[in-house]
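1. below is the sequence, then the predicted model.
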Amino acid sequence: MNGQTELPRFLCETLSYASSATTSKETRTNELYCCQMPTCGHKSSNPEDLYSCDYIDDPHYGNIYFPTAATTLKHLGISGITANSTKQDVIDILGEPTKIGGGITHREIGCISPWIKYHRPDCQLNFEFQEDKGIRMISVLEPGWEPGQ
């Protein structure tokens, strides 16, 4: 959900109606689920539907650049990492990363910046580096996020 918080839905109405799709006057029941945002009022027969009112913008998730990244790192309980930190500086502070990659030129997409990733109980934390210039950006993802989800 990348920083999104889904608010709980509840069964708010049960509608009974006569079906016009058949020749008989059969009665059908349709359950409606309501968004609990006070200003929304949206109803759906599918309790899994998501609406824009469910989205809560969390500034500590996503791709974050310095100087804003310093606030996000502080929020995550990490200190000592700055925009000028090298890959080795980050490893010295956080320990060995879960994954390391990049630092290559791909024939179809070009330069892939060096990066390291940490899986933490509260998030996945990626650091992308500029060659000899420190951190380009950090990415904060939900702990269970996988590509394609």
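-> Arrived safely. Numbering: from 1, shown residues only.
2. number of residues surrounding G144?
-> Other residues lying near G144 total 9 when counted by other C-beta atoms under 10 Å. For the C-beta atoms, the positions are set from N, CA and C on the backbone; glycine is no exception.
3. and for I135?
-> 23.
4. got a list of what V90 touches?
-> Residues near V90 by C-beta atoms under 8 Å, 6 or more residues apart in numbering: I81, I116, F127, I135.
5. again, 7 Å this time
-> Shown in contact with V90 (C-beta atoms under 7 Å, 6 or more residues apart in numbering): I81, I116, F127.
6. want to throw those residues into JSON lines with distance to V90 and secondary structure?
-> Below are these laid out as JSON lines (distance: C-beta to C-beta, whole Å; DSSP: H, G, I helix; E, B strand; the rest coil):
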{"residue": "I81", "distance to V90": "6", "secondary structure": "coil"}
{"residue": "I116", "distance to V90": "7", "secondary structure": "strand"}
{"residue": "F127", "distance to V90": "5", "secondary structure": "strand"}
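7. name the member of those residues with the most neighbours.
-> Within those, neighbour counts (other C-beta under 10 Å) peak at F127, which reaches 26 neighbours.
8. who does that one bridge with?
-> I116, I138 (DSSP bridges).
9. local confidence estimate at it?
-> pLDDT recorded at F127 is 97.
10. hang on, it packs against P114?
-> No - the pair F127 / P114 is not scored as a contact, 8.9 Å apart, by C-beta atoms under 7 Å.
11. all helices for this structure, in order.
-> For the chain, the helices defined by DSSP state H cover 68-75, 87-94.
12. how far away is K117 from G102?
-> Distance, K117 to G102, by C-beta to C-beta, to the nearest Å: 10 Å.
13. typo on my end, D58
-> 26 Å.
14. shouldn't A69 be in contact with I138?
-> Yes - with contact defined as C-beta under 7 Å, A69 reaches I138; the gap is 4.9 Å.
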